[in-house]
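Asks: The following block contains a protein sequence and its predicted model.
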Amino acid sequence: MKKTTKTWLIIAGALVLAGCIVFAVVMSTIGWDFKKLSTVKYETNTYEVGKAFGGISIDTNTADVVLALSDDGKCRVECYEEENAKHSVAVLGNMLTVKVNDTRSFYDYIGFYFGSPKITVYLPQAEYNSLLVSGSTGRVDVPKGLTFESADIALSTGNIYFGASVVGAVKFKTSTGNIRAEGESAGLLDISTTTGTVTISGMICDGSVTVDVTTGKADLTGVSCKSVISKGSTGNIVLNKVIASENFSVKRSTGNVKFNDCDAAEIYVKTDTGDATGSLLSDKVFIANSDTGRIDVPKTVTGGRCEIDTDTGDIRITVK
């Protein structure tokens, strides 16, 4: 190695070491709190709500949204927000409306972000007509103990946790965000995501449960409903102790379909290369077709229709 090259390598190493020392000294002086390095200014604003309302509408972008029951029976909205992206809070008609007022210029997006905006809505009662939430990257957290007539949440990359009960329709939509629903009951459930994971557990639905995914995984456990309808591409779907009074209709390309102690009056499964396996709770008249995959189903001649069609996937079903 040339002497000049060695010299430059020594200088470069010394500069890196010096930079590490300076960084360590700076971080030590601020207690290793990375939020203090943020170039974006955040502030906390609390909005008292004196008027009664029957529904909730929240329109934001990157803020997390959390609903909670109030301890003092009064409604207030706490916003941890950017100085140039504050939220307005008002009761319009019969709706509590929270909306972001984004006044940022393009250069305001350039910098270091070590904070996350958050909207916390403290509710004075447990029952409301409707819930509407629209956001981008923030998550939405709706705890158990709340009841709505309907709920509609649409996000991009944010996650959804929903534990409330809904009398009517529930609609959740994300792109890459995960969706978890644990509400006690719903009229019907309509969930759509692209790459996110869908988890539904312990729910009773008067109507259908619809789950549309692309590459995301779907996992349903302890669900009782009228029907389960699911479409997807490479994402697997697992149904554990899912009971439908009418039918299962599941379509996948390369994704696998698995039943664990499930049942429905009729069952239809279509895959390309995905396997269809698992256990059912009652006899079915099986119609199973696979071009190159293995088929192993009971030779029962009573019960509802169970049609499973795959190209190269295996079909292995048992009846308990």
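Replies: Noted; the coordinates are in hand.
Asks: Just give the number of residues close to the residue nearest to Ser230 when sequence neighbours are not counted.
Replies: Spatially, and ignoring its direct neighbours in sequence, Ser230 is nearest to Val211 (4.4 Å; CB to CB, 6 or more residues apart in numbering). C-beta: built from backbone N, CA, C; applies to glycine. Neighbour count for Val211, taken as other CB atoms under 10 Å: 25.
Asks: cool, and Lys241?
Replies: For Lys241, the count of nearby residues is 17 (other CB under 10 Å).
Asks: who touches it in this structure?
Replies: Contacts for Lys241 (CB atoms under 8 Å, 6 or more residues apart in numbering) come out as Thr221, Gly222, Val223, Asn260, Asp261, Cys262.
Asks: Go again with 7 Å.
Replies: By CB atoms under 7 Å, 6 or more residues apart in numbering, the contact list for Lys241 reads Thr221, Gly222, Asn260, Asp261, Cys262.
Asks: So the fourth one versus Ser156, what's the distance?
Replies: To Ser156, Asp261 is 36 Å away according to CB to CB, to the nearest Å.
Asks: Compare those two and say which is more crowded by neighbours.
Replies: Per other CB under 10 Å, whichever of Asp261 and Ser156 has more neighbours is Ser156, with 17 against 14.
Asks: Assign that one to one of the three secondary structure states.
Replies: Classification of Ser156 by DSSP: H, G, I helix; E, B strand; the rest coil places it in coil.
Asks: now it: how far from Thr199?
Replies: From Ser156 to Thr199 the distance is 19 Å (CB to CB).
Asks: cool, Ser230 as well?
Replies: Applying CB to CB, one obtains 14 Å for the distance of Ser230 from Thr199.
Asks: Okay, and the beta partners of Ile191?
Replies: Phe172, Val211 (DSSP bridges).
Asks: Could you report the neighbour count for it?
Replies: Neighbour count of Ile191, defined by other CB under 10 Å: 25.
Asks: isn't Thr97 right next to Ile56, touching?
Replies: No: Thr97 is beyond contact range of Ile56, at 8.3 Å (criterion: CB atoms under 7 Å).
Asks: Which one's more surrounded, these two?
Replies: Ile56 (24 against 18).
Asks: My guess is that one contacts Tyr128. True?
Replies: Yes: here Ile56 reaches Tyr128: they are 6.1 Å apart, a contact under CB under 7 Å.
Asks: Ile267 contacts Glu246, correct?
Replies: No: look at Ile267 against Glu246 with CB under 7 Å: they stay out of range, at 10.4 Å.
Asks: Please report how far the most centrally placed residue in the chain lies from Thr194.
Replies: Nearest to the mean C-alpha position of the chain, by CA atoms, centre = their mean, lies Ile179 at 1.9 Å. Look at Ile179 and Thr194: by CB to CB, they are 11 Å apart.
Asks: Am I right that Thr4 is in a strand?
Replies: No: assigned with three-state DSSP, Thr4 falls outside any strand and is helix.
Asks: re earlier: which of Ser230 and Thr199 has more neighbours?
Replies: Ser230 (24 against 18).
Asks: which SSE is Arg305 in?
Replies: When secondary structure is defined by DSSP states H and E, Arg305 falls within strand 304-310.
Asks: got it, and Val100?
Replies: strand 95-102.
Asks: Could you list the buried residues of that strand?
Replies: Residues Met95, Leu96, Thr97, Val98, Val100 are the ones in strand 95-102 that count as buried (16 or more other CB atoms under 10 Å).
Asks: quick one, longest strand in this structure?
Replies: strand 257-271 (DSSP state E).
Asks: what residues does it touch?
Replies: 237-253, 274, 276-282, 284, 304-310, 313, 320.
Asks: List buried residues within the residues you listed.
Replies: Buried among these by 16+ other CB under 10 Å: 237-244, 247-253, 274, 276-278, 280, 284, 304, 306, 308-310, 313.
Asks: Just the ones of those in helices?
Replies: Among those, DSSP state H puts none in helices.
Asks: where does the stretch 201-320 of the chain have low pLDDT?
Replies: Within the stretch 201-320 of the chain, no stretch falls below the threshold (pLDDT under 70).
Asks: Show the residue spans covered by the strands in it.
Replies: All strands of the stretch 201-320 of the chain, identified by DSSP state E, counting those that start in this stretch, fall at 204-205, 208-212, 218-221, 224-231, 237-240, 243-251, 257-271, 276-280, 284-290, 295-296, 304-310, 315-319.
Asks: Nearest to Ile119, out of those strands?
Replies: strand 208-212 (27.6 Å; CB to CB).
Asks: Can you check what angle separates the closest one from strand 224-231?
Replies: 20 degrees (axes from the mean of the first three to the mean of the last three CA atoms, to 10 degrees).
Asks: Tell me which residues are up against strand 208-212.
Replies: 188-192, 198, 200, 218, 223, 225-231.
Asks: Sweet, I'm off.
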